[in-house]
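> I would like to see how this sequence folds:
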Amino acid sequence: MSNLSDLTIVRAVPEDAEALLAYTKTAGAETDNLSFGAEGLDMTAEEVRDMLTHLEHSRYGLILLAKSGGRIVGIGSFTIQKTPRMRHRGEVAVSVLQSCWNNGIGSTLLSLLIRFGREIAGVDQITLDVRSDNERAIRLYRKFGFEKTGVFPGYVKINDQLIDCDLMVLRFR
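Have a look, this model is predicted:
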């Protein structure tokens with residue numbers, strides 16, 4: 001997909017549930033860098049609609065969709081736990097269809113998620129996990145100031161293989 005002149009970034013709404021699930025199946029089939037594979041998210045369309053309804057006006061969570069040509073080409077999410085002892089920390093995740101890599105979509109999504117975390121959710125830090133061998137994603141996260149804080153051995157299991165993930169944090173305080 002070379003022409004992304006109509007790219008828009010929008011907050012996901014309940015009506016996006018089926019398209020979001022379809023996206024996760026496509027993205028999951030393209031790479032082993034995500035927490036899901038070709039099966040996509042283990043949720044029904046109704047469960048996704050309920051989640052998106054809950055997040056629609058929340059200051060504790062956000063799902064952004066990068067859309068081009070009427071279809072989702074990237075997703076970014078920000079989540080925060082509501083318990084008082086964990087509320088200072090948000091977590092982000094970003095994915096982009098391979099055909100749209102190198103177009104700045106991941107950077108745009110991550111920038112918006114960081115701004116949401118800082119200005120709306122008011123967190124002190126944002127964390128993420130990334131496969132330790134995913135150099136492209138690690139470079140992106142470092143560009144935004146994320147620092148590696150450790151390695152979680154065997155964090156994911158793909159095809160019976162345990163794969164390490166780097167734990168990264170962006171601190172505001």
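> okay, which residue is most central for this protein?
Residue closest to the mean C-alpha point of the chain, counted by CA atoms, centre = their mean, is residue 93 at 2.3 Å.
> what bridges to that residue?
residue 77 (DSSP bridges).
> name all residues that make contact with it.
Shown in contact with residue 93 (CB atoms under 8 Å, 6 or more residues apart in numbering): 35, 75-77, 128. From N, CA and C alone the C-beta is placed, and that goes for glycine too.
> name the single longest helix found in the chain.
helix 17-30 (DSSP state H).
> so which elements touch that one?
For helix 17-30, the packing partners by 3 or more CB pairs under 8 Å, 6 or more residues apart in numbering; DSSP states H and E come out as helix 45-55, strand 71-80.
> any figure for the gap between residue 169 and residue 88?
Look at residue 169 and residue 88: by CB to CB, to the nearest Å, they are 12 Å apart.
> run through the bridge partners of the residue nearest to residue 150 when sequence neighbours are not counted.
Distance criterion CB to CB, 6 or more residues apart in numbering; nearest residue to residue 150, sequence neighbours excluded, is residue 167 at 4.9 Å. Beta bridges link residue 167 to residue 129, residue 150 when assigned by DSSP bridges.
> kindly report the same for residue 9.
Bridge pairing for residue 9 (DSSP bridges) gives the partners residue 66.
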